[in-house]
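*Asks:* Got a predicted model here, sequence first, then my questions.
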Amino acid sequence: MRLNRSSLKPTPSRPKVLITLSGLPKLEYLCVVGLETDRAVYCDNLQTPIPTFPALKHLELNRLTWDTIFNLCNDKFLIGRLHSLIISYPHDSEIDYPNLNLAEDRTIGSSDIIPLLAANNSSITTLALRFPGDRQVPPEVLKSCERLPLVNFELGWSVGRSCGFNALGSTLSRLPLLEDLKLNMVQRPFDLKQLRTIVESLPRLRRIRIPVKWESITQLTTADFTPCRPQSHNTLYLKSDFYLPKSQQEGAEQLARYLSLLRPASAVVCESFQAYFYHRHANPPYIDEQPKDMINIELSRLRSSMEMNMEFRDPRWPR
């Protein structure tokens, strides 16, 4: 049997199962799921045997305590071969690690885990950190991510409240390989200037999921409607909850004009994060796919107009 995917769920015998799985020569994907309501089954301080998981490339850690995550991420044999890591809904736990010189009753957290990844691994290209609620994540977590060659990055917490936009922007500017960025949609939205700053800092960006304060279009001046630099030739897929803060057609035209400048040498395509939602600043407040569709129509029109102008100037310009 050539098992290449496995999910390890809470059972009293889970450590034995983990030992068995660790020797499978073809196992490439492993998901470890915790059960915080039953400490006996939960298996705190779960550790892996050495050597371990010779072919593992993708690891997902779901609802584990931070100390368990620490044990797994501190395993150089395990972490050193990974291409992707997902940490979802971790739980606090008090633990004593004398070698780390932690203060008494110090709680292991994200600031202890992410540096381990940077120290033990240079090949993780996909990292998803999904932390619940308004968990305060220190800026050091973002700084540690700068040491990884990330292509896909998901920040599943209120990064603006925890780290601030400047810290986020600084980290993103040091991730030149990033193509896919996902920001937590349940947080204070970013304004359009901040969206532009993010896009400009990521020359290879192809996809972004981000909450946006679309009514900030009314605060922009003529000077804000200039093309982004550097100019990428990759189509940008922008996923968000789209709404129009003013009259439908006028709002769609203005937003499309601004968004088109994010990719003046290629195209921008809007995608809905939710098919139906409520927003108090929208008109009307209950929104479906229509605003997104209207903006895409205007983006397409602007793109076609630009192509016609370029072809008129130079018939050799590819359509």
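*Replies:* Sure, I can see it.

*Asks:* can we go C-alpha only for contacts and neighbour counts from here?
*Replies:* Noted.

*Asks:* Verify the contact between L59 and I86 for me.
*Replies:* Yes - shown here, L59 and I86 form a contact pair, counting by C-alpha atoms under 8 Å, at 6.4 Å.

*Asks:* Between the two, point out the one with more neighbours.
*Replies:* Neighbour tally, L59 and I86, criterion other C-alpha atoms under 10 Å: the higher count belongs to L59, 20 against 17.

*Asks:* partners of the host helix or strand of that one in the sheet?
*Replies:* Assessed by DSSP states H and E, L59 sits inside strand 58-62. When pairing is defined by DSSP bridges, strand 58-62 lines up against strand 29-33 (parallel), strand 84-88 (parallel).

*Asks:* export those to a markdown table and tack on mean pLDDT and distance to K193?
*Replies:* As requested, the strands paired with strand 58-62 are arranged in a markdown table below (pLDDT from 0 to 100; distance: least, C-alpha to C-alpha, whole Å):
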| stretch | mean pLDDT | distance to K193 |
| --- | --- | --- |
| strand 29-33 | 89 | 38 |
| strand 84-88 | 96 | 30 |
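
*Asks:* could you dump those strands to CSV with distance to F273?
*Replies:* CSV is the format used below for the strands paired with strand 58-62 (distance: least, C-alpha to C-alpha, whole Å):
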stretch, distance to F273
strand 29-33, 25
strand 84-88, 20
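
*Asks:* Comparing the ones you listed, which stretch has the densest surroundings?
*Replies:* By mean neighbour count, with neighbours taken as mean count of other C-alpha atoms under 10 Å, strand 84-88 ranks first of those at a mean of 20.

*Asks:* distance between that strand and the chain's centre?
*Replies:* 11 Å (C-alpha atoms, centre = their mean, to the nearest Å).

*Asks:* can you check stretch 171-188 too?
*Replies:* On C-alpha atoms, centre = their mean, the centre of stretch 171-188 falls 5 Å from the chain's centre.

*Asks:* One more: stretch 118-126?
*Replies:* The chain centre lies 16 Å from the centre of stretch 118-126; the measure is C-alpha atoms, centre = their mean.

*Asks:* Now do it: distance from first to last residue.
*Replies:* Taking C-alpha to C-alpha, to the nearest Å, stretch 118-126 runs 13 Å from one end to the other.
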